[in-house]
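Trainee: Need a 3D model of the sequence below.
(one chain, ligands or ions: 2)
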Amino acid sequence: MKPHLIILGAPGSGKGTQAAKLISKGFKHVSTGDLLRSEIAKNSELGQKVSGIISRGDLVDDKTVMALLKANCDVDKVSYIFDGFPRNVYQAEMLEAELLKDKKTLAVYFNIDLSILVNRVVNRRTCGTCGEIYNLATKAPRVLDTCDKCGTVGSLKQRKDDTEEVVSNRLKIFKETVEPMLSFYKSRRELVEIDASMPEEVVFDALEKVIS
Ligand code: ADP
Ligand code: AMP
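Mentor: Ligands and ions are numbered 1, 2, ... in the order given. Predicted structure coming up:
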């Protein structure tokens, strides 16, 4: 079995885009952001609890997200790509102690100049039907508001937390938490770094090399 991949990177650094491509290599993608948004869409008790926090761009409490993650993956059967988890050292420790245990893992840091990310994120659009990720500035769909991949018309959605103000808060939180997390994985010799400012295909090539 391939190692479980933990993608560390700022909002907009391309984690979801690359994770979708890695599925073809036999990985399963789990995004805590997607899991939380699906609870909000269902209007579950958890969704109601986290909706305001997410719309402000703050972090949901560690134990709540850990419990959701545990309920949604079975790490014995398939190699996972963890996208959006961990967000701090405490979560990294919980991921190790409660889920991955002695399993082989590799953390990949998507290194990128944060100043370009607000622009990337405010232009992000996601197909509500198949999840394909677009960018109005750099990767627009061929036909306006129609998904190239699944063909659904009118399916491209903007996340509510992808506004300039909320992204700025999300980036601020990322800046405050990233270094200790990198040190955590570095000290375990489980960290590799990728230049995430390169075009999608170049980033993917780099990832393929890392996992081969
Ligand atoms: P994350 O999951 O890290 O928040 P996404 O994968 O959703 O980031 O990408 C955020 C936005 O940036 C999307 O609009 C996507 O199309 C765009 N994007 C992703 N990777 C790249 C890249 N390598 N170069 C330019 N734009 C990219
Ligand atoms: P993301 O889809 O990764 O950009 O996450 C969107 C939002 O979901 C974040 O801004 C947080 O509010 C929440 N979230 C996602 N993952 C986590 C996590 N691991 N810990 C705390 N909050 C999270």
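
Trainee: counting contacts, what elements does the helix or strand hosting residue 38 pack onto?
Mentor: In this assignment (DSSP states H and E), residue 38 forms part of helix 32-42. Secondary-structure packing of helix 32-42 (3 or more Cβ pairs under 8 Å, 6 or more residues apart in numbering; DSSP states H and E): helix 45-56, helix 62-71. For every residue, glycine as well, the C-beta is placed using N, CA and C.

Trainee: got these as CSV, with mean neighbour count, distance to residue 24 and mean pLDDT columns?
Mentor: Output for those, formatted as CSV (neighbours: other Cβ atoms under 10 Å; distance: least, Cβ to Cβ, whole Å; pLDDT from 0 to 100):
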stretch, mean neighbour count, distance to residue 24, mean pLDDT
helix 45-56, 15, 29, 98
helix 62-71, 16, 23, 98
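
Trainee: With distance to residue 170 added, can I get these in a markdown table?
Mentor: Conversion of the helices and strands packed on helix 32-42 to a markdown table gives the following (distance: least, Cβ to Cβ, whole Å):
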| stretch | distance to residue 170 |
| --- | --- |
| helix 45-56 | 9 |
| helix 62-71 | 15 |
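
Trainee: Show me which residues of the protein are close to ligand 1?
Mentor: Residues of the chain that fall close to ligand 1, judged by Cβ under 6 Å from any ligand atom: 9, 11-17, 120-121, 123-124, 133-135, 138-139, 199-200, 203.

Trainee: Among those residues, name the buried ones.
Mentor: 9, 11-17, 120-121, 123-124, 133-135, 200, 203 (16 or more other Cβ atoms under 10 Å).

Trainee: check contacts around the residue of the chain positioned farthest from its centre.
Mentor: Distance to the chain centre peaks in the chain at residue 143, reaching 26.6 Å (criterion: Cα atoms, centre = their mean). Residue 143 sits next to no residue when contact means Cβ atoms under 8 Å, 6 or more residues apart in numbering.

Trainee: Report how many residues lie close to residue 85.
Mentor: Residue 85 is flanked by 23 other residues according to other Cβ atoms under 10 Å.

Trainee: Looking at the residues of the chain next to ligand 1, which are in helices?
Mentor: Per DSSP state H, helices hold the following members of these: 15, 16, 17, 120, 121, 200, 203.

Trainee: about what we covered before: any idea which of the helices and strands packed on helix 32-42 gets closest to residue 92?
Mentor: helix 62-71 (10.3 Å; Cβ to Cβ).

Trainee: can you tell me if the very next helix or strand once past the closest one touches ligand 2.
Mentor: Per DSSP H and E, the first helix or strand lying C-terminal to helix 62-71 is strand 80-83. No - no part of strand 80-83 sits near ligand 2 under the criterion Cβ under 6 Å from any ligand atom; the closest distance found is 6.7 Å.
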